[in-house]
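Asks: predicted model and sequence below, questions to follow.
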Amino acid sequence: MITVTVNSIATVLPSTVSYKATLNTQARSAERNANGKLVREVLPNKWSVKMEWDIKEDVQKYYDLFAYLETLTLINFDVSFPAPDGTYRTAEMYVAPLAAELLNLSQGASGWWDSLSTTFVEV
């Protein structure tokens, strides 16, 4: 279960068909000293969570989810998500690109939408 909290209002996102939590390590700099040893200045790790939803069954559910995620593109928000260590983590995140797959463009904008995906990235 993934929960998004904006202004103290928590929203549980629908179940995903694909979910990937990534712990991104970061380094500000890395250089070798006179002895040839690599010296790194590391920054705090940051999470990214990639999700995909299958929306073939209920197109209105897709429209509602897309509209909600689109509102998140303008702000940072808190996300509670399952981590690979068996716990739930909470982090302040933003929405990376939203992507949706349309199976049959000849049907127009209301054609056969197949999936919706996005990535939440920790700020």
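Replies: It's in. Numbers count the residues shown, from 1 in each chain.
Asks: please name the nearest non-neighbouring residue to residue 38.
Replies: residue 32 (5.6 Å; Cβ to Cβ, 6 or more residues apart in numbering). Just so you know, the C-beta spots here come from the backbone N, C-alpha and C atoms, and that holds for glycine as well.
Asks: what does residue 61 give?
Replies: Distances taken as Cβ to Cβ, 6+ apart place residue 55 nearest to residue 61, at 6.1 Å, with adjacent residues excluded.
Asks: what sits against the one you found?
Replies: Listed by Cβ atoms under 8 Å, 6 or more residues apart in numbering, the contact partners of residue 55 are 61-62, 65, 113-116.
Asks: show the buried residues in those.
Replies: 62, 65, 113, 115-116 (16 or more other Cβ atoms under 10 Å).
Asks: which of those residues has the weakest pLDDT?
Replies: The lowest pLDDT within the buried ones among the contacts of residue 55 belongs to residue 113, with 77.
Asks: report pLDDT for the residue lying closest to residue 11 once chain neighbours are set aside.
Replies: Spatial nearest neighbour of residue 11, excluding adjacent residues (Cβ to Cβ, 6+ apart): residue 4 at 5.0 Å. pLDDT, residue 4: 97.
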